[in-house]
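Q: after the sequence you'll find the predicted model.
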Amino acid sequence: MSEHQNSSSVRREMVSGGSWNMITVVLQVIIQLVYMMIMVRLLDVEAFAVMGVILGVLGFAEIFAQVGVGPALIQRKEVNQQHLNGAFYTAVIIGALFTCAFLISADWLGKIYQMPDLGPVMRVVCFSFIISALGAVPRSMMFKRMKFKSFFLASMISIVGGNLIVGLALAWMGYGIWAYAWALFAQNVLMTLAYWWFEPVTITRRWEWKSVNELMGYGAGSSLFNALNYLATRIDVTILPMFFAYWRTYPSAVAQFQAGLYERSAYVMGLPITVMGKLSDSVLFSGLSRIQEDPGALKKAMLRGTSLMAMIIIPASIFVMFWSAEILTVFLGERYAEASLTLQFLFLAVIFRTIARISDAMVRALNAVYRASVIKIVYCALIAAGVIIFSATDKEHVAAAIGLATFIHLVMNTALSMKLVAFSWKEFMLAQIPALFLSALILAQCFVLHWLGNQISENPMLVFSFATLSIAAITFCLVYFRPAILGGKESNPLAYLPERMKRMPVIRTMVNRI
């Protein structure tokens, strides 16, 4: 097969895989929103501060617990039985060691954070190390083979069973923070079982250190990169409660409450990053790894990928900034509305962090993770400095500092990608013109509709629904009837969308009736 045919084949698989993965992530986000809308009304705000610390600490450690064997299997062109065996046993052994380590240290961490519930809850949630390790190999092979339909089914089984059934049932029965903890435990168990059901990988008893070493050469760098990337997304939630108490920013009675408000704002911020991040971590990483020797295809994927990300995330972030108070009130309840300014600052970070995801996938596919890790270290240091310094004032200043740190990270990340794939800042900025033009149109709509919505009603649900439907309808009509206004097919990733939409019977019938 020629290089061009291979690139075309991979592109078709990426589009197909991207469609399934997008469906998976969007449904996950919808289910998570419903889950959280109910949970925040059943649990105390302080419970989310505790879980934010636990998930931050354990999530960071879990990346090292699997020592990068999963990404190494995906990135490696040829995988044999010894690689599968070595990856499985290495992940399980290290996962068991990490589980034991946190079982022993849970109470000590609880004392550091002055959170009595932290230790007991962590002793349940920390079993995720060994559970996730058991599913690392089938999950990685599922992504390597781009079987995203199977991943969709596994994800739905775990999130529905763990969150909607176990979590909500226990919360309704009054188990408090334990409902959240056991929901996570059940979700991990169901996900691992589903991986093995849909991707039954053969594991034999024999394994060699040679095969493990071949994976670890890439896996160690991948683990470092992923750990720093994860740390950058959770370090603020993890250390903010500690420094609120250290600086006495708030009286001790309300410090954990304020940390809980910030954690839920960060959670809302994380939803679009989750959507785009999982797309880049699975579909893009798998696809780019398969065309890593085709510079032209990589350059095109980089520019069009960042353009498409920007066209989605910048308008969405502008919308959230205008209706932050209404969004928090509708989805989390009135007691979270005071965090609206925090959410506005955090959504500046959403724009920069999401666009940088394409570069993250690129450096992983091209095995430039050590150079990228230096950038991540600087990024983490900037975020940590922002939290430590500005936690002496309030949570809004912390959010603004994180937005600035994330912009600096985007510039550094893009500069590294330019060296790897050979494109210029001019080409990068020209690729963002359709996104900037669409964002300007959304910004104008938001100004008008925000004023109009407040004149119509003071009901946040009504105002939010009115704005959402209006902007969605106007944007749909623009993209469907006048796609050329955003640029031609060479520069506008949405130019092909109307042609595909016109082939959908439901949309064609709806437009004809209108």
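A: Good, I have the coordinates.
Q: all contacts plus neighbour counts: C-alpha atoms, from now on.
A: OK.
Q: which stretches of the stretch 101-250 of the chain have low pLDDT?
A: The stretch 101-250 of the chain contains residues with pLDDT under 70 at 217-220, 222, 245-246, 249-250.
Q: which parts of it are helices?
A: 118-125, 128-134, 136-144, 148-159, 168-172, 177-198, 209-247 (DSSP state H, counting those that start in this stretch).
Q: mind putting those in CSV, mean neighbour count and distance to residue 62 included?
A: Listed next are the helices of the stretch 101-250 of the chain as CSV, based on neighbours: other C-alpha atoms under 10 Å; distance: least, C-alpha to C-alpha, whole Å:
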stretch, mean neighbour count, distance to residue 62
helix 118-125, 21, 12
helix 128-134, 24, 6
helix 136-144, 24, 11
helix 148-159, 20, 19
helix 168-172, 18, 26
helix 177-198, 21, 13
helix 209-247, 21, 9
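Q: what's the neighbour count on residue 101?
A: The number of residues packed near residue 101 is 12, by other C-alpha atoms under 10 Å.
Q: ditto for the one 5 residues further on
A: Residues within reach of residue 106, counting by other C-alpha under 10 Å, total 19.
Q: measure stretch 418-438 end to end?
A: For stretch 418-438, the first and last residues are 25 Å from each other (C-alpha to C-alpha, to the nearest Å).
Q: how far off centre is that stretch?
A: From the chain centre to the centre of stretch 418-438 is a distance of 23 Å (C-alpha atoms, centre = their mean, to the nearest Å).
Q: just stretch 400-410 next, same as before
A: The answer for stretch 400-410 is 17 Å, by C-alpha atoms, centre = their mean.
Q: likewise stretch 176-184?
A: Counting by C-alpha atoms, centre = their mean, stretch 176-184 comes out at 21 Å from the chain centroid.
Q: need the helices of the stretch 101-250 of the chain in CSV (columns: distance to residue 358).
A: Converted to CSV, those look like this (distance: least, C-alpha to C-alpha, whole Å):
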stretch, distance to residue 358
helix 118-125, 31
helix 128-134, 26
helix 136-144, 17
helix 148-159, 19
helix 168-172, 35
helix 177-198, 26
helix 209-247, 13
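Q: output the below-cut-off pLDDT ranges for this protein.
A: Counting by pLDDT under 70, the ranges of the chain that qualify are 1-25, 63-68, 217-220, 222, 245-246, 249-253, 272-286, 485-514.
Q: now for the helix or strand where residue 318 lies, which elements pack on it?
A: Using DSSP states H and E, residue 318 sits within helix 295-322. If you count contacts as 3 or more C-alpha pairs under 8 Å, 6 or more residues apart in numbering; DSSP states H and E, helix 295-322 packs onto helix 340-365, helix 395-421, helix 425-431, helix 433-456.
Q: buried residues in the shortest one?
A: By neighbour count with 16 or more other C-alpha atoms under 10 Å, helix 425-431 contains the buried residues 428, 431.
Q: what lies in contact with that helix?
A: 303-304, 306-307, 491 (C-alpha atoms under 8 Å, 6 or more residues apart in numbering).
Q: need the max-distance pair from the residues you listed.
A: Within these, 306 and 491 form the most distant pair, 11.5 Å apart (C-alpha to C-alpha).
Q: these two: which is more packed in?
A: residue 306 (20 against 17).
Q: how close does the residue nearest to the more buried one when sequence neighbours are not counted sit to residue 449?
A: In this structure, residue 306 finds its nearest non-sequential neighbour in residue 355, 5.7 Å apart by C-alpha to C-alpha, 6 or more residues apart in numbering. Relative to residue 449, residue 355 is positioned 27 Å away (C-alpha to C-alpha).
Q: who has more neighbours, these two?
A: With neighbours defined as other C-alpha under 10 Å, residue 355 and residue 449 compare such that residue 355 has more, 26 against 20.
Q: tell me the contacts of that one?
A: 306, 309-310, 410.
Q: how about 10 Å then?
A: Shown in contact with residue 355 (C-alpha atoms under 10 Å, 6 or more residues apart in numbering): 273, 276-277, 305-314, 410, 413-414.
Q: also residue 88?
A: Counting by C-alpha under 10 Å, 6+ apart, residue 88 touches 66, 69-70, 82, 133-138, 203-204, 207, 212.
Q: same check, this time on residue 406
A: 232, 346, 348-354, 356, 379-380, 382-383, 400, 412.
Q: can you tell me, leaving aside adjacent residues, what's nearest to residue 163?
A: Sequence neighbours aside, residue 183 is the residue nearest to residue 163 in space, at 5.3 Å (criterion: C-alpha to C-alpha, 6+ apart).
Q: what's the answer for residue 412, then?
A: Residue 412 sits nearest to residue 375 (C-alpha to C-alpha, 6+ apart), 6.7 Å away.
Q: which one of the helices and strands packed on helix 295-322 is the most hemmed in?
A: Mean neighbour count, computed with mean count of other C-alpha atoms under 10 Å, is highest for helix 340-365 among those, reaching a mean of 25.
Q: which elements pack onto the next helix or strand after it?
A: Moving toward the C-terminus from helix 340-365, the next helix or strand (DSSP H and E) is helix 369-390. Packed against helix 369-390 by the contact rule (3 or more C-alpha pairs under 10 Å, 6 or more residues apart in numbering; DSSP states H and E) you find helix 209-247, helix 340-365, helix 395-421.
Q: which one of those lies closest to residue 388?
A: Residue 388 sits nearest to helix 209-247 of all the helices and strands packed on helix 369-390, at 6.4 Å, using C-alpha to C-alpha.
Q: packing partners of that closest one?
A: helix 45-65, helix 69-75, helix 81-113, helix 252-278, helix 340-365, helix 369-390, helix 395-421.
Q: how about 6 Å then?
A: helix 45-65, helix 69-75, helix 81-113, helix 369-390 (3 or more C-alpha pairs under 6 Å, 6 or more residues apart in numbering; DSSP states H and E).
Q: quick one: residues in contact with stretch 186-205.
A: 85, 135, 138-139, 154, 158-159, 162 (C-alpha atoms under 6 Å, 6 or more residues apart in numbering).
Q: from the residues you listed, which is closest to residue 328?
A: Closest to residue 328, out of all of the contacts of stretch 186-205 and judged by C-alpha to C-alpha, is residue 159, at 22.8 Å.
Q: same list (the helices and strands packed on helix 209-247) but as TSV, adding distance to residue 187.
A: Shown next, in TSV, are those (distance: least, C-alpha to C-alpha, whole Å):
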stretch	distance to residue 187
helix 45-65	14
helix 69-75	20
helix 81-113	17
helix 369-390	29
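Q: hey, which of those helices is tucked in deepest?
A: Mean neighbours per residue, mean count of other C-alpha under 10 Å, is largest over the helices and strands packed on helix 209-247 for helix 69-75, with a mean of 27.
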